[in-house]
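> Would you be able to build a 3D model of this:
(2 chains)
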Amino acid sequence: MFETFDATLLARMQFAFTVSFHIIFPAFSIGLASYLAVLEGLWLWTKKVVYLELFDFWKTIFALAFGMGVVSGIVMSYQFGTNWSVFSDKVGPIIGPLMGYEVLSAFFLEAGFLGIMLFGRNRVGPGLHFFATLMVAVGTLISATWILSANSWMQTPQGFAMNDKGQFIPADWWAVIFNPSFPYRLVHMVLAAYLTTALVVGAVGGLHLLRRTAPLRASTMFSMAMWMLTLVAPIQIFAGDQHGLNTLEHQPVKVMAMEGHYQSHPDGAPLILFGLPNQAEQRIDYAIEIPKLSSLILKHSLDAPLKGLDTVPRELQPPVPIVFWSFRIMVGLGFAMLGLGLWSLYCRWRGRLYTSEWLHRAAMVMGPAGFVAVLAGWVTTEVGRQPYTVYGHLLTANSVSPIAAAAVGSSLVAFIIVYFLVFGAGTFYILRLMSRLPRDPSGDLGEGPIRTAGITPAPHTATLPAGGRHGH
Amino acid sequence: MVIDLPFIWAAIIAFAVLAYVILDGFDLGVGILFPLFPEKRHRDVMMNSVAPVWDGNETWLVLGGGGLMAVFPLAYATILPALYAPIIAMLLGLIFRGVAFEYRWRTGRAQYLWNWAFAGGSFMAALAQGIALGALVQGIPVANRAYSGGWWDWLTPFSIATGLAVVIGYALLGSTWLVMKTTGDLRDKARGLSYIAALATLAAMAIFSLWTPFLEPLYLNRWFSWPTAIFSVIVPLLVLGCFWLLLTGLKNNRDSRPFLAALGLFILGYAGIGISFYPYIVPTSVTIWDAAAPDESLGFLLVGALILVPLILAYTSYAYWVFRGKVDPEEGYH
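Numbers count the residues shown, from 1 in each chain, chains lettered A, B, ... in the order given. So this is what the prediction gives:
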């Protein structure tokens, strides 16, 4: 008994660890792929060379992030079998085809055209190259669609039946794919990816504006990023609110944990701004709350009754402190993004977008905020689903492989070491690329070490810079 | 007459795994050969010969795994726990070699580290895949819809031998790929290595063929009784034919032929294994019909597969076509 519990806990830790690392890369590459398509499209349309320079700059960073996403994603696709084999057997008939469609319609598309996008500039025409970039961007969005459909089904399952082998079997694919939380989750995640990328691009633009290097390239990307932030942050807050209402309808217990409502409130629930959740005593210590506001937000009425966790047996409650805090981190960062967007709008209006150093510094500080918010949001929704893997139908404890804790534990240790080593190095390389100037093609040939050893750099007729400082 | 969806899906999954083995096989092989090419200019070209396509090659592995979960969930749920350690080792190997494609160009001083990551990761992934294959062929016990064997069952002399055999086979794919894709002294060296790897591969296939039938009465029966024995006769003949094409291709400087012949060897070896344990998907425990998901799942995904797999093959071929011919040492985007 003790051993089973141990393996479950370790398998959960392993999943949480590997998926947390993994989600960072798609969150970035979904937004960046679209950004690259926009840049290349603008270049083809306007013929302004700055767009091509930015394309080449961000393409290199995209390649690194995408590579890390691929390898960490392969781990995910096999982890269901190694650590969650019972889950795989029971849920495979439903989740499997959704993920199968992700591979067939998205992964191959991305991979097939990524090579042409990265290496094919001199081998295909500009139109075809742009098509390849578009296919990579479309692929990332199709991928998000399928995986979020699968994830949403685990949160709000419908359209299934059970067979005599204890498997979930599809009864209505339309209902499975378009399950109640799927549209909300998809919109929220894709917007989050766009915001994450905008914050990173804005931070890099801010850095180079502060350094006054390559002013046109820095100001172009900074302006684009700030527009994105200004327009999308408010939409995201609205989308998040709608997603929350959907969660209240289908997973009320999760909302109780997010809001910290241990007690039921028959005549209007307060909004708990801060406090320390006390799971043992089932209350929030030192709570700072605004009366009636929670009912107003969730039910659009001051006195609407709201049920609390006291209506849920202890063993069916999610771990409240984690959900409570991660939710607040996500929402707080969301409003900080809105603030940065509005600030940039004000500076733009006053003609100081490219000169306000405090704005540039703020953009740099906010650079990683998207990743933190995505992770916090992910924790909120995934931990909030506990103790179930398929909400209301399959307990996490009944999903795990019949495997010794030692096996899960040692592979967890191996993953932790390898991930920190490998992805730490990758993050270092990405940061170093970012801190270097967006390359100036005209000045690049003459400087830096010779490209491939022993080969003299030939003047390239194409617009591609020939390497120089960035490797070789 | 009802359409036998599990059978169709077994064929599709078998195709996906085969596509993975031959495609990622050659780029893993290039990594395995890395230590034998100490010169940086050679390594740069070797890496660039596979850089545009490795990601697509590896996607077949994701289709193999993801597809197995979708259409044969019981097989997925019993094979993966049984092969826990080799699978984890394979994943870790793939992580190291996958990131090396980008990292290697981002550093001067630490480049040797990512050279090792590329070579070591490729070797480890190949060895782990071979061990997993060997462990699968020797059989996986299943009870109550779960793996019922021990944590170390995968580790046997046979599985270690298949592990090494796969490393050798991938090295052959890698060296013949380099003969096809490179020029000058790099190509000449790859040509020399191809002879050695070809002989070693033939030896490995012979050992494997003599060993396997005696693991399981089922296999022995398949190999030496009518009508499947026909394959036991034809396959070795075809193997020798491929081998002859490979050697003469190398000898006559027909640089594409050795690679194509090596692909032929892999396809034949793969067919031999498939013939041995069909219709089991988890050898001697679970048949494809036992493991299959309900027809609603198989049919739903089949519609997509019938449309998308040809499309994938088309644009994948196009991507290979774009990068056809010998690698220009000048190229890359780095």
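> Poorly predicted segments of chain A, please.
For chain A, residues meeting the criterion pLDDT under 70 lie at A:1-5, A:437-472.
> Output the longest helix belonging to it.
helix A:2-46 (DSSP state H).
> Tell me how far the helix or strand following that helix lies from the chain's centre.
Once the chain leaves helix A:2-46, the next helix or strand it forms, by DSSP states H and E, is helix A:49-82. On the basis of CA atoms, centre = their mean, to the nearest Å, helix A:49-82 sits 13 Å off its chain's mean C-alpha point.
> what distance separates the helix or strand just after helix A:49-82 from the middle of the whole chain?
Using DSSP H and E, the helix or strand that follows helix A:49-82 in sequence is helix A:85-102. Chain-centre distance of helix A:85-102: 22 Å, with CA atoms, centre = their mean.
> What angle do helix A:2-46 and helix A:85-102 make with each other?
10 degrees (axes from the mean of the first three to the mean of the last three CA atoms, to 10 degrees).
> Give me the buried stretch members for helix A:85-102, please.
For helix A:85-102, the neighbour count (16 or more other CB atoms under 10 Å in any protein chain shown) marks A:85-102 as buried. Using the backbone N, CA and C atoms, a C-beta is placed for each residue, glycine as well.
> mind saving the C-alpha coords of it as CSV?
What follows is helix A:85-102, C-alpha atoms only, in CSV (Å, rounded to 0.1, in the frame of the first residue of the first chain):
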residue,chain,number,x,y,z
SER,A,85,0.0,2.8,-18.2
VAL,A,86,-3.4,2.1,-16.5
PHE,A,87,-4.5,5.6,-17.6
SER,A,88,-3.3,4.8,-21.1
ASP,A,89,-5.2,1.6,-21.3
LYS,A,90,-8.4,3.1,-20.0
VAL,A,91,-8.3,6.5,-21.8
GLY,A,92,-6.2,5.6,-24.9
PRO,A,93,-9.3,5.0,-27.1
ILE,A,94,-10.3,8.7,-26.6
ILE,A,95,-7.1,10.6,-25.8
GLY,A,96,-5.0,8.5,-28.2
PRO,A,97,-6.8,9.5,-31.5
LEU,A,98,-6.8,13.2,-30.5
MET,A,99,-3.0,13.0,-30.0
GLY,A,100,-2.7,10.9,-33.1
TYR,A,101,-4.4,13.7,-35.0
GLU,A,102,-2.0,16.1,-33.5
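> immediately after it, which helix or strand?
helix A:108-119.
> Can I get that next one in CSV, CA atoms only?
Provided in CSV are the C-alpha atoms of helix A:108-119 (Å, rounded to 0.1, in the frame of the first residue of the first chain):
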residue,chain,number,x,y,z
PHE,A,108,4.8,16.4,-39.4
LEU,A,109,3.8,19.7,-40.9
GLU,A,110,6.0,21.7,-38.6
ALA,A,111,8.9,19.3,-39.0
GLY,A,112,8.6,19.0,-42.7
PHE,A,113,8.7,22.7,-43.4
LEU,A,114,11.0,23.7,-40.6
GLY,A,115,14.0,22.4,-42.5
ILE,A,116,13.0,24.5,-45.5
MET,A,117,12.4,27.5,-43.3
LEU,A,118,15.8,27.3,-41.6
PHE,A,119,18.0,26.0,-44.4
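> looking just at contacts, which helices and strands does the longest helix of chain A meet?
Judged by 3 or more CB pairs under 8 Å, 6 or more residues apart in numbering or on different chains; DSSP states H and E, helix A:2-46 is in contact with helix A:49-82, helix A:126-155, helix A:182-211, helix A:369-383, helix A:405-435.
> still on that earlier bit, keep the buried residues of helix A:85-102, but drop any that are not near chain B.
Contacts with chain B within those, as defined by CB under 8 Å from any CB of the partner chain: A:85-86, A:88-97, A:99-102.
> For these, which two are the farthest from each other?
Using CB to CB, the two most remote members of these are A:86 and A:101, lying 23.4 Å apart.
> Burial check on residue 242, number of neighbours?
In the absence of a named chain, chain A is used. As a burial measure, residue A:242 scores 14 neighbours (other CB atoms under 10 Å in any protein chain shown).
> that's the other chain; I wanted chain B
If you count neighbours by other CB under 10 Å, residue B:242 ends up with 22.
> Return the residues in contact with it.
Shown in contact with residue B:242 (CB atoms under 8 Å, 6 or more residues apart in numbering or on different chains): B:261, B:262, B:264, B:265, B:268.
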